[in-house]
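>>> have a look at this prediction, sequence included:
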Amino acid sequence: MDENLRREIILDNYSNPKNKYIPSNEKEYLKVNTNNSSCIDNLDIYVKIEDNIIKDICFEGEACAISTSSCSIMIHNLIGKTVDEARKYIENFNNMLNENAYDEELLNEAVAYNTIYKQNNRKHCAYLPYEGILKILNQIKENE
Amino acid sequence: MNIEDFPMLKQDIIYFDNGATTLKPKQVIDKMNDYYSNYSASAHRGDYDISYKVDQEYENAREKVRKFINAEEVEEVIFTSGATESLNMIANGFFKNILTYQDEILITTSEHASNVLPWFHLQNTIGCQVKFINLDDNHYVTLENVKKSITPQTKVISLAGVTNVLGDARPIKEICKFAHLNNIFVVMDGAQSVPHRKTDVKDLDVDFLAFSGHKMCGPTGIGVLYGKKELLEELEPINLGGGMNESFDSPDEVYFKELPARLEAGTPNIAGAIGLGEAIDYLESIGMDKIHEYEMELRKYAMDKLIEIPYLDILNIESDSGIIAFNVDDIFSQDVAYYLNKYNICVRAGNHCAKILKNEVGVKNSIRISLYFYNTKSEIDDLVELLKNKEKMRIEMI
Ligand SMILES: Cc1ncc(COP(=O)(O)O)c(C=O)c1O
């Protein structure tokens, strides 16, 4: 990916993150906090799931450019997906971060992080929102 | 000053995170290597020559600490793993036994977690109250505010000599004088002050002092608990076992050793103590007053330049230490740290283990630069150049 495009995607999503607010009808959402013990990123993620489909995700908190933009892109990509599709997407993203084989098509703008493995200290920042979502998805699995 | 003594500085780095830990001079590393290579035996077992040498070196280090902080007696110096352990020993070994649910402990929101949580623990276990001294407009502690916070129930005041967030120095001597007139104990967390300025426990008249070796050119895993002898005598050992007992024929016939051994159960951190002794020699060869003076000169040099950058929000324009805390408008502190890291400049971003930023200053985190005597004006120039270019920062922060 072209460096300028990469930067543009990340900075756009950092400056104008998707759904960065606490939902007004908070009761309809599952909430999880996700934070990074080695740095100061700290996000609350709200997910609304109906009929096994992710209807909406919003987030709030304090985090660096990488975590915030990654969360924004994740939200773009996950809304509308079924829970199973979401799991696949997350696994795919994780494979990319860890330099394993992955499907670029599925990731859309999230491929902007395909070189982040070179900065070990930021890899976790990019994955942080995904950890939060996974906690929620695992919660519903247990409840089933 | 003395850059050539620091092997770490042969790398291409600018190290501005001295509040977290400091670099080690060759002298300290060599001293520890010498122990591990040439007389690596246990202490307090002088049955053979090298063990006798260990005893001598270990106790020598204690004497160096005593002299360094001007304690009256060498038994008042206890080796611990660091400031955190020392503070926990003070709270749990001493105050837990003398405080009641009616008593109050005074601290501030700018204390490090290690000078907060042990006291919270006392509140949770014996029901005493932890109260906070109001800070002035600069977020500093004044004697006036200490006086206002004291009630007949106040039994302990526990304060950092210099805080790790804003680097403000506290009037410990005046506080001790006033506190003692009111039968209040004073605990000093010296983690950020002892490495940077002369500390004289007799002159200050503190009851307890805690500090860490690794923040003063010494090794990690070693620190000091100082206490006035009559108080340390009452400090109950939390660790029991080898090295600290006289005899233990049965559960009701256990006899402990005298100070300091009583409070140093188990095989001590011998290399650490010896290394710390060497670090003290090293600092004294430069001179604590000179170190402080140089840091203040460096701080002024940095501040004069930083203050010219319009989008910097400097949290402590005035302060009596080498700590500078700031934020860059619209850029998250961690991103600034990552940007500087690309140029091998090590700074810290975060809340620095204290609640003050959130509770008093109204920001959640900040970038912290903490200087030491081996930092230079030219390093500050490099930092300022990078901070001056906000567009570059925005592009390169990711
Ligand atoms: C003011 C203050 N107190 C206590 C500590 C704890 O020191 P240590 O982690 O070495 O035990 C620190 C370390 O950051 C500190 O800055």
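Thanks, I have it.

>>> what is the least confident helix or strand in chain B?
helix B:356 (a mean of 69; mean pLDDT, DSSP states H and E).

>>> quick one, longest helix in the chain?
No chain was given, so I picked chain A. helix A:120-143 (DSSP state H).

>>> not quite, I wanted chain B
Per DSSP H, chain B has its longest helix at helix B:49-69.

>>> anything in the helix or strand that that helix is followed by sitting right up against the ligand?
Note on helix B:49-69: by DSSP states H and E, the next helix or strand toward the C-terminus is strand B:77-80. No: figure legend: strand B:77-80 not in contact with the ligand (Cβ under 6 Å from any ligand atom); closest approach 8.7 Å. From N, CA and C alone the C-beta is placed, and that goes for glycine too.

>>> give me the contact list for strand B:77-80.
B:61-62, B:65-66, B:69, B:71, B:86, B:89, B:210, B:222-227, B:232, B:259-260, B:263-264, B:268-269, B:272-273 (Cβ atoms under 8 Å, 6 or more residues apart in numbering or on different chains).

>>> partners of that strand, with directions?
strand B:223-227 (antiparallel) (DSSP bridges).

>>> which parts of the stretch 201-350 of chain B sit against chain A?
B:332-335, B:338, B:349-350 (Cβ under 8 Å from any Cβ of the partner chain).

>>> which element is the residue in the stretch 251-398 of chain B positioned nearest to chain A on?
Chain A sits closest to residue B:334 of the stretch 251-398 of chain B, with a gap of 4.2 Å, by Cβ to the nearest Cβ. Using DSSP H and E, residue B:334 sits in helix B:333-342.

>>> ok, the closest residue to the ligand within chain A - how many residues close by?
Closest residue of chain A to the ligand, Cβ to the nearest ligand atom: residue A:40 (15.4 Å). As a burial measure, residue A:40 scores 20 neighbours (other Cβ atoms under 10 Å in any protein chain shown).

>>> can I assume residue A:117 sits in a strand?
No: applying DSSP: H, G, I helix; E, B strand; the rest coil, one finds residue A:117 to be helix, outside a strand.

>>> thinking it is in contact with residue A:100, fair?
No: contact criterion Cβ atoms under 8 Å: residue A:117 and residue A:100 do not qualify, at 10.2 Å.

>>> so for these two, which residue has more residues nearby?
residue A:117 (14 against 10).

>>> can you pull out the helices in the stretch 1-150 of chain B?
Ranges of helices in the stretch 1-150 of chain B, per DSSP state H, counting those that start in this stretch, are B:26-38, B:49-69, B:83-89, B:96-98, B:117-126, B:143-149.

>>> and those helices, which is most packed in?
Of all the helices of the stretch 1-150 of chain B, helix B:83-89 has the most neighbours on average by mean count of other Cβ atoms under 10 Å in any protein chain shown, namely a mean of 24.

>>> ok, and what's touching that helix?
Against helix B:83-89 from outside (Cβ under 8 Å, 6+ apart): B:78, B:80, B:114-115, B:118, B:158, B:187, B:189-191, B:208, B:210-212, B:223-225, B:235, B:238, B:263.

>>> now residue 39, nearest residue through space, not along the chain?
Using chain A. Excluding its sequence neighbours, the residue lying closest to residue A:39 (Cβ to Cβ, 6 or more residues apart in numbering or on different chains) is residue B:334, at 5.6 Å.

>>> meant chain B actually
residue B:50 (4.2 Å).

>>> identify the residues contacting that neighbour.
B:38-41.

>>> swap in residue B:260?
B:62, B:74-79, B:232.

>>> how does it look with 7 Å?
B:75, B:77-78 (Cβ atoms under 7 Å, 6 or more residues apart in numbering or on different chains).

>>> of those residues - the most surrounded one?
Going by other Cβ under 10 Å, residue B:77 tops these with 25 neighbours.

>>> and that residue, bridged to which residues?
residue B:226.

>>> where's the dip in pLDDT among the residues of the stretch 201-350 of chain B next to chain A?
Across those, the smallest pLDDT goes to residue B:350, namely 82.

>>> burial count for that one?
18.

>>> from what I can see it touches residue A:41, true?
No: between residue B:350 and residue A:41 there is no contact under Cβ atoms under 7 Å: 10.4 Å.

>>> skipping adjacent residues, who's closest to the residue of chain A found nearest chain B in space?
Per Cβ to the nearest Cβ, residue A:64 is where chain A lies closest to chain B, at 4.2 Å. Here the nearest residue to residue A:64 in space, its sequence neighbours aside, is residue B:334; by Cβ to Cβ, 6+ apart that works out to 4.2 Å.

>>> what's around residue B:352, how many residues?
Neighbour tally, residue B:352, other Cβ under 10 Å: 23.

>>> in terms of pLDDT, where does the nearest residue to residue B:390 once chain neighbours are set aside sit?
Counting by Cβ to Cβ, 6+ apart, residue B:311 is the residue found nearest to residue B:390 once chain neighbours are left out, at 6.0 Å. If you check residue B:311, the pLDDT there is 97.

>>> which stretches of chain A form helices?
Under DSSP H, chain A gives helices at A:3-15, A:65-78, A:83-97, A:104-107, A:120-143.

>>> now render these as CSV, adding mean pLDDT.
Output for those, formatted as CSV (pLDDT from 0 to 100):
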stretch, mean pLDDT
helix A:3-15, 92
helix A:65-78, 96
helix A:83-97, 95
helix A:104-107, 89
helix A:120-143, 88
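
>>> how close does residue A:140 get to residue A:131?
16 Å (Cβ to Cβ, to the nearest Å).

>>> list of residues touching the helix or strand hosting residue B:327?
Element membership of residue B:327, judged by DSSP H and E, is strand B:323-328. Strand B:323-328 has contacts (Cβ under 7 Å, 6+ apart) with B:19, B:165-167, B:299, B:302-303, B:306, B:311-316, B:333, B:336, B:363, B:366-370, B:393.

>>> using PDB, write down the CA coordinates of that strand.
Output of strand B:323-328 as PDB, limited to C-alpha atoms (Å, rounded to 0.1, in the frame of the first residue of the first chain):
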ATOM      1  CA  ILE B 323      10.800  17.100  35.500                       C
ATOM      2  CA  ILE B 324       8.800  18.800  32.700                       C
ATOM      3  CA  ALA B 325       5.300  17.700  31.900                       C
ATOM      4  CA  PHE B 326       3.400  18.900  28.800                       C
ATOM      5  CA  ASN B 327       0.900  18.000  26.200                       C
ATOM      6  CA  VAL B 328       0.700  18.900  22.500                       C
END
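
>>> pull the distance from it to the chain's centre.
On the basis of Cα atoms, centre = their mean, to the nearest Å, strand B:323-328 is displaced by 20 Å from the centre of the chain it belongs to.

>>> got the contact list for residue B:267?
Residue B:267 touches B:42, B:243, counting by Cβ under 7 Å, 6+ apart.

>>> what about it, which SS state?
coil.

>>> and what of the one 4 residues further on?
Reducing the assignment at residue B:271 to three states with three-state DSSP gives helix.

>>> distance of it from residue B:178?
Residue B:271 is 41 Å from residue B:178, by Cβ to Cβ.

>>> quick one: which of the two has more around it?
residue B:271 (21 against 17).

>>> pretty sure that one contacts residue B:33?
No: using Cβ under 7 Å, residue B:271 makes no contact with residue B:33, being 8.9 Å away.

>>> report how many residues lie close to residue A:58.
22.

>>> how about it: what's its closest non-neighbour residue?
Here the residue nearest residue A:58, using Cβ to Cβ, 6+ apart, is residue A:19, at 4.1 Å.
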